[in-house]
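>>> take a look and give me a structure for this.
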Amino acid sequence: MNALPALPLLELSIALPLAASLLAVAAGRFAANLVFAIGPAMMALAALLCLAVSRHGPLEAAVGGWEVPLGIALGADGLSGVFVVTGALILSAVGLFARRDFGGAPAETPRGYTFWPLFYAMWAALNAIFLGRDLFNFYVALELLTLAAVAMVAYGGTAAALRYLLFALMGSLAYLTGVGLIYASAATLDLERLHLVLQGDRAVLAGAALMTAGLLAKAALFPLHAWLPPAHGNAPAAASALLSALVVKAAFFILLRIWFDMMPDAQSPWLTQTLGMLGMAAVVYGSLLAIRQGRLKLIIAYSTVAQIGYLFFVFPLANGSAFALPWSAGAWSGVIFHALSHAFAKAALFLAAGLVIEALGHDRIADMKGIGRALPITWLAFGIAAISLMGLPPSGGFMAKYLILTSALAGGHVIYALVMIAGGLLAAIYLFRPLGAAMAGDNLPDIAPVSRRRQLIPLALAIAAIAIGPASSLPYAFLQIGLPEGAS
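Numbering: from 1, shown residues only. Below is the predicted model:
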């Protein structure tokens, strides 16, 4: 075990899916079978990475032996580890699910040929973000991630993809401009060095503000969320699951690195409260819009708008080191728990919705009577995932919201506590609507056959969202490894 830190775990976590992306181009219609090899390999890498972090503390690597500032720095701490593992589990599950829709056909199809290179490129980009330690390399990974995500959205319609692309391009421009201002002030883009040398002058604050604005657009925080519902609601189920579970979390992850690792002392009450208020608005607005939708996938998409809002409670409740309070670590861990449990639950919901569409040919809630009895495993998965999103015990969502709620009450932030309670009630309303419709009626609808094995995939993801709650002590302790100064 002492040899673990010497293994190129950080480099392989990015290089392997990138190589798989290139191999998928050459493999053509056989690329769908790569997931049987790449999935287990990436899960093993993620497990070894977490084991190395737990035994030896945060890991660092200089790619190619070139030290910072000339080289590319990679690193892993508790935060990186849990996101890499979550990504490996969800991407492997979604890859298995997608084999029917994007592979296995007797002849090569454009969708089958393009999906798998995009899928593995997305995996590589996500790991590059989770393990990155450099502002410009974050930008490169974000662009690769955006390219893959927009292309996947285009499978469901060019209008939604173009809207997503415009938001993403504006976000990228704002982020890159901010990076330029930071570099002009500090002559480095390495997070650790920036933490040591940055001064809170106007150029630095302007750069941080521009980067934040760009990342808020990519994370789809209200009011910059307009691209998300049509993109997630019209994309194929596998793409929607990845977008909602992982892609929007990548932008939020970079925000955490900027404000808690790079410049925690620069967090002002104005910044933290503004982001917190936008988060509250997202919870309420997204929930109300979800209640009004008549399509299952749009309900889940607007639910993502709402659930993303909880993530931004980390700024007022676990802010920078200059304002650190005793309950900050609890709020920090609660928000990360929410990100993880939401990722599993939302992937399960979108895959379940995809199976409903596969069976019925549509996702109109008004015409779903009896589908719950026709697809019991699928709707069991939907119901279990809904328990986590509503924050009911013993789910991971409950543990996350319990930590955030107690932190809010301990800090006297009563309005955040009230919004969280209201958000849970609203989630119950919009999630019980499709559940009630699916269980209504006495007759079984005529449906296309759906593989039982494919129905087990969203069920496994939903169970994982629940299991985070009872097993919370392990990830909670792991998250404290390398805990950012601003959250300690």
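>>> in terms of pLDDT, where does the residue nearest to Val68 when sequence neighbours are not counted sit?
Leaving out its chain neighbours, the residue that sits closest to Val68 by CB to CB, 6 or more residues apart in numbering is Asp190, at 4.6 Å. Where C-beta positions appear, they are placed from N, C-alpha and C, glycine not excepted. Confidence at Asp190, expressed as pLDDT, is 88.
>>> just give me the neighbour total for Asp190.
Other residues within reach of Asp190 by the criterion other CB atoms under 10 Å amount to 21.
>>> now swap in Val305 and tell me
25.
>>> kindly state the pLDDT recorded for it?
pLDDT, Val305: 96.
>>> wait, it touches Leu228, no?
Yes - the criterion here is CB atoms under 8 Å, and Val305 meets it with Leu228 at 6.0 Å.
>>> who does the residue nearest to Val68 form a beta bridge with?
Beta-bridge partners for Asp190, by DSSP bridges, are Asp134.
>>> that one and Phe136 touch, don't they?
No - here Asp190 does not reach Phe136: they are 9.7 Å apart, not a contact under CB under 8 Å.
>>> now do the shared contacts for Val305 and Leu228.
Ala220 (CB atoms under 8 Å, 6 or more residues apart in numbering).
>>> picking up where we left off before, distance of the residue nearest to Val68 relative to Val179?
12 Å (CB to CB, to the nearest Å).
>>> how about Val150?
In terms of CB to CB, Val150 sits 21 Å off from Val179.
>>> what's the domain layout of this protein?
1-133, 134-487 (automatic domain parsing).
>>> measure Ala282 to Thr146 for me?
Taking CB to CB, one finds Ala282 at 21 Å from Thr146.
>>> what about those two, which has more around it?
Shown here are Ala282 and Thr146; by other CB under 10 Å, Ala282 has more neighbours (28 against 23).
>>> wait, the more buried one sits on Ala306?
Yes - between Ala282 and Ala306 a contact is recorded at 6.2 Å, counting by CB under 8 Å.
>>> sorry, back to before: ranking the domains of the chain by burial, who's on top?
Compared across the domains of the chain, domain 134-487 shows the largest average neighbour count, a mean of 21 (mean count of other CB atoms under 10 Å).
>>> mind listing the strands for the stretch 51-200 of the chain?
59-62, 73-76 (DSSP state E, counting those that start in this stretch).
>>> go through those strands and find the least confident stretch.
Among the strands of the stretch 51-200 of the chain, strand 59-62 scores lowest, with a mean of 87.
>>> any residues touching that one, and which ones?
5, 8-11, 49, 52-53, 68, 71-77, 133.
>>> just those: which are in helices?
9-11, 49, 52-53 (DSSP state H).
>>> now the residues you listed as JSON lines including distance to Gly95 and pLDDT?
Shown next, in JSON lines, are those (distance: CB to CB, whole Å; pLDDT from 0 to 100):
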{"residue": "Leu9", "distance to Gly95": "21", "pLDDT": "90"}
{"residue": "Leu10", "distance to Gly95": "22", "pLDDT": "92"}
{"residue": "Glu11", "distance to Gly95": "22", "pLDDT": "92"}
{"residue": "Leu49", "distance to Gly95": "19", "pLDDT": "95"}
{"residue": "Ala52", "distance to Gly95": "25", "pLDDT": "93"}
{"residue": "Val53", "distance to Gly95": "25", "pLDDT": "93"}
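>>> so which of these comes closest to Ala408?
Closest approach to Ala408 among the ones in helices among the contacts of strand 59-62 (CB to CB): Val53, at 29.5 Å.
>>> check contacts around that closest one.
59, 76-78, 80-81, 478, 481-482.
>>> which ones are touching the closest residue to it other than its chain neighbours?
Distance criterion CB to CB, 6+ apart; nearest residue to Val53, sequence neighbours excluded, is Gly81 at 5.0 Å. By CB under 8 Å, 6+ apart, the residues touching Gly81 are 46, 49-50, 53-54, 478, 481.
>>> can you rerun that using 6 Å?
Residues near Gly81 by CB atoms under 6 Å, 6 or more residues apart in numbering: 49-50, 53.
>>> out of these, which comes closest to Ala345?
Cys50 (21.4 Å).
>>> pLDDT score for that closest one?
pLDDT, Cys50: 94.
>>> what of the one 5 residues further on?
With respect to pLDDT, Arg55 scores 90.
>>> what do you get for Met1?
54.
>>> then Gln455?
For Gln455, the predicted pLDDT is 94.
>>> you'd agree it is in a helix?
Yes - according to DSSP: H, G, I helix; E, B strand; the rest coil, Gln455 belongs to a helix.
>>> tell me the contacts of it?
Applying CB under 6 Å, 6+ apart, the residues near Gln455 are 377-378.
>>> could you measure from it over to Leu380?
9 Å.
>>> contacts for the helix or strand containing Ala19?
Following DSSP states H and E, the helix or strand that holds Ala19 is helix 9-27. For helix 9-27, the external contacting residues (CB under 6 Å, 6+ apart) are 31, 34, 38, 45, 48-49, 61, 74, 116-117, 120-121, 123-124, 127-128, 131.
>>> stretch 431-440 too?
Residues contacting stretch 431-440 (CB under 6 Å, 6+ apart): 296, 365, 368-369, 371-372, 379, 386.
>>> nearest to Leu271 among those?
Taking those together and measuring to Leu271 by CB to CB, the closest member is Ala386, at 33.6 Å.
>>> can you tell me how far the closest one sits from Ala462?
9 Å.
>>> please name the nearest non-neighbouring residue to Tyr175.
That would be Gly214: by CB to CB, 6+ apart, it lies 3.4 Å from Tyr175.
>>> where does the prediction get shaky in this structure?
Within the chain, the stretches with pLDDT under 70 are 1-2, 5-6, 104-108, 319-328, 484-488.
>>> rerun that using 50 as the cut-off
321-323, 486, 488 (pLDDT under 50).
>>> where is the longest helix in it?
Per DSSP H, the chain has its longest helix at helix 328-360.
>>> spatially central residue in the protein, please.
With distances taken as CA atoms, centre = their mean, the residue of the chain nearest its centroid is Leu246 (2.7 Å).
>>> for that residue, what are its contacts?
87, 126.
>>> quick one: it from Asp261, how far?
From Leu246 to Asp261 the distance is 21 Å (CB to CB).
>>> can you check Asp367 too?
In terms of CB to CB, Asp367 sits 49 Å off from Asp261.
>>> helices of the stretch 251-400 of the chain, start to end?
269-292, 296-311, 314-317, 328-360, 371-374, 376-390, 396-410 (DSSP state H, counting those that start in this stretch).
>>> save the ones you listed as JSON lines, and put in distance to Gly436 too.
Shown next, in JSON lines, are the helices of the stretch 251-400 of the chain (distance: least, CB to CB, whole Å):
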{"stretch": "helix 269-292", "distance to Gly436": "13"}
{"stretch": "helix 296-311", "distance to Gly436": "12"}
{"stretch": "helix 314-317", "distance to Gly436": "34"}
{"stretch": "helix 328-360", "distance to Gly436": "14"}
{"stretch": "helix 371-374", "distance to Gly436": "9"}
{"stretch": "helix 376-390", "distance to Gly436": "11"}
{"stretch": "helix 396-410", "distance to Gly436": "21"}
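>>> quick one, which of those is nearest to Ala250?
helix 328-360 (10.7 Å).
>>> centre of the chain to that closest one, how far?
8 Å (CA atoms, centre = their mean, to the nearest Å).
>>> out of the contacts of Val53, who's nearest Gly233?
Distances from Gly233 to the contacts of Val53, taken by CB to CB, are shortest for Ser80, at 30.8 Å.
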